[in-house]
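Peer 1: starting from these lines, generate the structure:
(chains A and B)
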2 protein chains.
Amino acid sequence: MCHRARMIQKSEFIEQASKLLGSRGFTSDPDLVSPWLTDWRGRYTGAAIGLGSPASTDEVSALVKLCSQHEVAIVPQGGNSGMSGGATPDNTGTAIVISLRRMNTIRALDKDEMTATCDAGVILQNLHEAAEAERLRFPLTLGGKGSATIGGLISTNAGGTQVLRHGTMRAQVIGLEAVLPDGQIFDSLTPLKKDNRGFDLKQLLIGSEGTLGIVTAATLRLLPEIAGRTVIWAGLPSITHARQLLLHSQKMAGDRLEGFEVLPAHCLSAVLDHLPDARAPLGEPYPWNALIELVGDADTIDSVAPLAEAMLEKAFEAGTIQDATIAASESQAEAFWQLRDSISPAERAIGPAMQHDISVPVDRMAQFVEAAVPAVEERFPNSIAVAFGHLGDGNVHFHVLAPKDTVPGEWEMGDGKKISGFVHDLVTEWDGSISAEHGIGQMKVDELGRLGDPTALSIMRSVKQALDPKGLFNPGKLVPPE
Amino acid sequence: MCHRARMIQKSEFIEQASKLLGSRGFTSDPDLVSPWLTDWRGRYTGAAIGLGSPASTDEVSALVKLCSQHEVAIVPQGGNSGMSGGATPDNTGTAIVISLRRMNTIRALDKDEMTATCDAGVILQNLHEAAEAERLRFPLTLGGKGSATIGGLISTNAGGTQVLRHGTMRAQVIGLEAVLPDGQIFDSLTPLKKDNRGFDLKQLLIGSEGTLGIVTAATLRLLPEIAGRTVIWAGLPSITHARQLLLHSQKMAGDRLEGFEVLPAHCLSAVLDHLPDARAPLGEPYPWNALIELVGDADTIDSVAPLAEAMLEKAFEAGTIQDATIAASESQAEAFWQLRDSISPAERAIGPAMQHDISVPVDRMAQFVEAAVPAVEERFPNSIAVAFGHLGDGNVHFHVLAPKDTVPGEWEMGDGKKISGFVHDLVTEWDGSISAEHGIGQMKVDELGRLGDPTALSIMRSVKQALDPKGLFNPGKLVPPE
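Peer 2: Numbers count the residues shown, from 1 in each chain, chains lettered A, B, ... in the order given. You can find the predicted model right below:
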């Protein structure tokens, strides 16, 4: 098609979309569109024909049908807080962004059944608060909870710090509504605890990053509120000891173990440098630190503090830990968690780093870290490799910090890229995943194409082709081209 | 193709299959094949070219490739204990049955990680025993545990009596291996607790009844053994009271509530007539009965018996229950469960019945039963409708017993069929499922086509077409034709 014909077609589409959704529902004004064309980390900037902000599932469906008719690509967007550029369009300017932010109603919260039915645009923090008001809780949380939306969390199968006990977003979704590439509305919102009527299509949509459908609403499970928690900080000689402590804690605490995070000395020291008011939990630095959270409900809460004492006593006797302390108050517990949650900003303050969100089988993570850290540092002299995070999930954030006095930008595109390839190769050798919780988006799609299992990739492509034959749903994301 | 050409092609296929797998691995001897051509309930009998019994995943793959080349359809079969004819070929005689029974090794059992990796042909009971030997347990069980295989349980996303707390088979599967329609081996056996590398293909295979792939192995989660249980039998005035008791029990017992089953007076009396040595748990009959199991681990076991007492006391005070008893010994607990597990055989002894495995949203099940039982009995005079089972899962077995002196066979094909249509219509009106746990198989494929959501059906057909373009995997099952 010649340039002129394309321009005419584009303006026709804009006219029809504006007519369909009104001025609040669709705009092509660059000033209004441009804030949503860059991901929050500032890594990717794209272009778009316009921004759709439908107010209902029916409006999403109508807009998708219009896009299908005009062959306009669609990039769905929730809170724009993704880590892999999955919600940012490419720079061809041929797509529209569909933002779900206007759809932000909690449609229902059933206290007896402990479920909440939310529009896709409901912000995680708001769901937390609505659940708490009913003495319930939604058992998934993460750093971006003030902006991340339910639809985005589902589309990326988000993780966070409570996966150990409660699973990822997939485990929280009991009903789903989505608009498919042909504009049809798939509605399985009504939660049936048991339903064996064929393929579980909701599972296919969870984690599909908007490439198969746009999540418009979901029914989520809630849990009773917790009655209290006990938070432990332990110092350990190695990550292998941390793994022993994890097994020991799981055995002793069972379901009362809510979180188990690890961080090496380098991370803690970076955080202490970065946060002027922060204090080290223990008197001395140790090679590794574990942050452990135990929780109790009304019935079991009295057992939690004595359990923590007993756990630590045995671990100390066995030589698993070198020192440990139990948070004496809720504010101290918060302070321990703040140390953990500040690792990323603290490291950004030091200088450029390549960040890898990886998993290997849970039982091999300690070995992996002990092998991978020196391997990276040897291969890329003066870089510093650190691994921290969710040991209990076999998922660490494996960051490689640039050598001092590196020129940012240049390093990421040069050595940084080589480092990521090296780390991803290692992870693949260890039967692991190059994306444990952040998703593939546009950031890792080439790496998935390079390292993914050919059988899995071929099924993914077949399914994508079957559901989105025109390839209009979030092109360039997640599904590597052949 | 003319008859003669087809016969030559068939004999060529048999020759090549025999060569590929040897005499233990493939047979076309009717005496050896015929036992596997009828489902265990004797409802369906089909015909087959032969029976493949591969000894390894590679052999499954090679046989599937041969079938694909010769365009021979495949009916995968596990323990042949399915409820919907999903493992029985049609009567065209153009398919082979592939039995997974020879692949019956527990490949690994990791005590620390609490996982077991099993061949598809491992029998459920054997997995239970292997787990128990390590002081662990596999938290899914059902009547057919002595013959049901892991592969079959996964392919039908089986349920059972512990779903309330532990979920269906889907929730137990953390890794999967399957052979796809083109013979490729999909291997995601290595369990990664977090892995966001695209569509979760293992979820697509779970519950797909062999229409998308043949499950050859799985990695399953195990749990610590329980330290003990307390089993309660309660008499109630109505199923609405049973629902109140369920909510009350969930609130008080939380995770210690392992099972909650209900049965009406008719079922208990049928069981007592059927089992000469059985005794009624309570002195008098009540309109409804609830069977409740509480469990405890080493830490919580001491709290379970007092909890049961406190739960019943409050329920009695609130007028929720009319009477209740706590099993005084493990053998009495077993006897209570035997009453529940004997409903099906007891009813079969009475006469013909149409059995429906249905679910509606958990919070509406009591209302549904109260509306549906009289509706059915009014519409079909002299029939008796009973609902029993997993109230906590919103899943009951809704059986309609034929009027006395009915001619079996005739009734099923006449009024029985009408009754099933009527029940399925009702369930659909109530946003429920016509198959909660037994699957669709060949038994319900027409009903799914008639009542299924058109959007869901169209996605199912697209996915089926994409993964199995030749339509050779378990044709006529699960996926309704257009």
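Peer 1: now do the same for A:Arg165: helix, strand or coil?
Peer 2: helix (DSSP: H, G, I helix; E, B strand; the rest coil).
Peer 1: what sits against A:Ser420?
Peer 2: By Cβ atoms under 8 Å, 6 or more residues apart in numbering or on different chains, the contact list for A:Ser420 reads A:Met354, A:His356, A:Glu447. C-beta: built from backbone N, CA, C; applies to glycine.
Peer 1: tell me which parts of the stretch 301-450 of chain A are close to chain B?
Peer 2: Residues of the stretch 301-450 of chain A lying near chain B by Cβ under 8 Å from any Cβ of the partner chain: A:303, A:307, A:359-363, A:390, A:393-395, A:431-440, A:448.
Peer 1: tell me where the stretch 151-300 of chain A has helices.
Peer 2: Using DSSP state H, counting those that start in this stretch, the helices of the stretch 151-300 of chain A run over A:163-166, A:169-172, A:201-205, A:239-253, A:265-274.
Peer 1: give me the low-pLDDT residue ranges for the stretch 351-482 of chain A?
Peer 2: For the stretch 351-482 of chain A, no stretch has pLDDT under 70.
Peer 1: where does it get nearest to chain B, residue-wise?
Peer 2: A:Ala466 (3.7 Å; Cβ to the nearest Cβ).
Peer 1: what's the span of stretch A:266-281 from first residue to last?
Peer 2: 15 Å (Cα to Cα, to the nearest Å).
Peer 1: so where's chain A uncertain?
Peer 2: For chain A (pLDDT under 70), the answer is A:1.
Peer 1: now do the same contact list for the residue nearest in space to the middle of it.
Peer 2: Centrality entry for chain A: nearest residue to the mean C-alpha point is A:Ala158, 3.7 Å, by Cα atoms, centre = their mean. Contacts for A:Ala158 (Cβ under 8 Å, 6+ apart) come out as A:Leu140, A:Leu142, A:Ala148, A:Gly152, A:Thr168, A:Met169, A:Glu437.
Peer 1: which non-adjacent residue is nearest A:Asp302?
Peer 2: Closest residue to A:Asp302 apart from its sequence neighbours, by Cβ to Cβ, 6 or more residues apart in numbering or on different chains: A:Gly296 at 7.4 Å.
Peer 1: got the contact list for the one you found?
Peer 2: Contacts of A:Gly296 by Cβ under 8 Å, 6+ apart are A:Ile226, A:Ala227, A:Gly228, A:Arg229, A:Arg256, A:Asp302, A:Ser303, A:Val304.
Peer 1: so which of those residues are in strands?
Peer 2: Judged by DSSP state E, the subset of the contacts of A:Gly296 located in strands is A:Gly228, A:Arg229.
Peer 1: ranges for the strands of the stretch 201-350 of chain A?
Peer 2: Remark: strands assigned in the stretch 201-350 of chain A by DSSP state E, counting those that start in this stretch are A:214-221, A:223-224, A:228-236, A:257-264, A:288-296, A:323-326.
Peer 1: right, and chain B sits closest to which residue of the stretch 151-300 of chain A?
Peer 2: Closest point on the stretch 151-300 of chain A to chain B, by Cβ to the nearest Cβ, is A:Gln203, at 3.5 Å.
Peer 1: just confirm that residue contacts B:Asp200, I think it does.
Peer 2: Yes - judged on Cβ atoms under 8 Å, A:Gln203 makes contact with B:Asp200 at a distance of 5.9 Å.
Peer 1: shared neighbours of those two, which are they?
Peer 2: In contact with both A:Gln203 and B:Asp200: A:Arg170, using Cβ under 8 Å, 6+ apart.
Peer 1: can you give me the buried ones in stretch A:265-277?
Peer 2: Across stretch A:265-277, burial judged by 16 or more other Cβ atoms under 10 Å in any protein chain shown covers A:His266, A:Cys267, A:Leu268, A:Ala270, A:Val271, A:Leu272, A:His274.
Peer 1: so can I have TSV of those residues showing distance to B:Glu59?
Peer 2: Below are those laid out as TSV (distance: Cβ to Cβ, whole Å):
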residue	distance to B:Glu59
A:His266	51
A:Cys267	49
A:Leu268	53
A:Ala270	54
A:Val271	55
A:Leu272	59
A:His274	58
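Peer 1: which residue does the stretch 1-150 of chain A bring closest to chain B?
Peer 2: For the stretch 1-150 of chain A, Cβ to the nearest Cβ, closest residue to chain B: A:Glu113, 5.1 Å.
Peer 1: and stretch A:338-356, end to end?
Peer 2: So stretch A:338-356: terminal residues 21 Å apart, Cα to Cα.
Peer 1: and it, what's buried?
Peer 2: A:Leu339, A:Arg340, A:Ser342, A:Ile343, A:Ser344, A:Ala346, A:Glu347, A:Pro352, A:Ala353, A:Met354, A:Gln355, A:His356.
Peer 1: that one: how far from the chain's middle?
Peer 2: With Cα atoms, centre = their mean, to the nearest Å as the basis, stretch A:338-356 stands 16 Å off its chain's centre.
Peer 1: swap in stretch A:225-235?
Peer 2: Put simply, stretch A:225-235 sits 23 Å off its chain's centre (Cα atoms, centre = their mean).
Peer 1: buried sites along it?
Peer 2: Judged by neighbour count (16+ other Cβ under 10 Å), stretch A:225-235 contains these buried residues: A:Ile226, A:Gly228, A:Arg229, A:Thr230, A:Val231, A:Ile232, A:Trp233, A:Ala234, A:Gly235.
Peer 1: look up how far A:Leu109 lies from the residue nearest to A:Ala62 when sequence neighbours are not counted.
Peer 2: Residue nearest to A:Ala62 in three dimensions, not counting chain neighbours: A:Leu20, with 5.6 Å by Cβ to Cβ, 6+ apart. The gap separating A:Leu20 from A:Leu109 is 31 Å, by Cβ to Cβ, to the nearest Å.
Peer 1: residue contacts, A:Lys111?
Peer 2: Contact partners of A:Lys111, counting by Cβ under 8 Å, 6+ apart, are A:Glu134, A:Leu136.
Peer 1: do you know how far it is from A:Thr190?
Peer 2: According to Cβ to Cβ, A:Lys111 stands 18 Å off from A:Thr190.
Peer 1: and A:Asn91, by the same measure?
Peer 2: According to Cβ to Cβ, A:Asn91 stands 41 Å off from A:Thr190.
Peer 1: what does A:Ala55 give?
Peer 2: For A:Ala55, the distance to A:Thr190 - Cβ to Cβ - is 22 Å.
Peer 1: just to revisit the earlier point, for B:Ser329, find the nearest of the helices of the stretch 151-300 of chain A.
Peer 2: helix A:239-253 (29.5 Å; Cβ to Cβ).
Peer 1: close to chain B, is that closest one?
Peer 2: Yes - residues of helix A:239-253 contacting chain B under Cβ under 8 Å from any Cβ: A:Leu247, A:Lys251.
Peer 1: give the buried residues for that helix.
Peer 2: A:Ile239, A:His241, A:Ala242, A:Arg243, A:Gln244, A:Leu245, A:Leu246, A:His248, A:Ser249, A:Gln250, A:Met252, A:Ala253.
Peer 1: same question, stretch A:68-79
Peer 2: Buried, per 16+ other Cβ under 10 Å, within stretch A:68-79: A:Ser68, A:His70, A:Val72, A:Ala73, A:Ile74, A:Val75, A:Pro76, A:Gln77, A:Gly78, A:Gly79.
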